[in-house]
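Novice: pasting a predicted model and its sequence here:
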Amino acid sequence: MNVSEEELIEYVKPILKEQGFKKKAKRWTKITEHFTYMFFIQGSSYDKDDYYVRPGIIVNDIQAEPW
């Protein structure tokens, strides 16, 4: 069974919202004390029926030790 990009967005929207993610366009973000979590749904430039789910984690405050 193939799931379209729009179907995936509609499926994950309430799940991620319940987990505290904020949606803007096709990107969801959740900011915590130490990390920012992201999910981005990106359409393929080669095939309109394909898409990518791109997860990411950003470390909010990296403080290097002085050497």
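Specialist: Structure received.
Novice: who's in contact with the helix or strand hosting residue 6?
Specialist: Assigned by DSSP states H and E, residue 6 belongs to helix 5-18. Contact with helix 5-18 is made by 3, 23, 26, 28, 30, 39, 41, 43, 51, 53, as judged by CB atoms under 8 Å, 6 or more residues apart in numbering. (Each C-beta comes from the backbone N, C-alpha and C, glycine too.)
Novice: now do the SS call for residue 49.
Specialist: Put simply, residue 49 is coil when judged by DSSP: H, G, I helix; E, B strand; the rest coil.
Novice: which ones are touching it?
Specialist: Residue 49 sits next to 2, 4 when contact means CB under 8 Å, 6+ apart.
Novice: again with the one 3 residues further on
Specialist: Each residue near residue 52 by CB under 8 Å, 6+ apart is listed here: 41-44.
Novice: coming back round to it: report the buried members of the contacts of helix 5-18.
Specialist: 26, 28, 39, 41, 51 (16 or more other CB atoms under 10 Å).
Novice: pretty sure the second one sits against residue 21.
Specialist: Yes. At 4.0 Å, residue 28 counts as touching residue 21 under the criterion of CB atoms under 8 Å.
Novice: joint contacts of these two?
Specialist: The contact sets of residue 28 and residue 21 overlap at residue 39 (CB under 8 Å, 6+ apart).
Novice: what average pLDDT does stretch 47-55 get?
Specialist: Mean pLDDT, stretch 47-55: 88.
Novice: excluding residues flanking it in the chain, which one is nearest residue 2?
Specialist: Nearest in space to residue 2, with sequence neighbours left out and distances taken as CB to CB, 6 or more residues apart in numbering, is residue 49 at 7.4 Å.
Novice: kindly report the same for residue 31.
Specialist: Leaving aside its chain neighbours, residue 31 sits nearest to residue 60 (7.4 Å; criterion: CB to CB, 6+ apart).
Novice: residues touching the one you found, list them.
Specialist: Residues near residue 60 by CB under 8 Å, 6+ apart: 31-36.
Novice: quick check on the residues you listed: which are buried?
Specialist: With neighbours counted by 16+ other CB under 10 Å, those contain no buried members.
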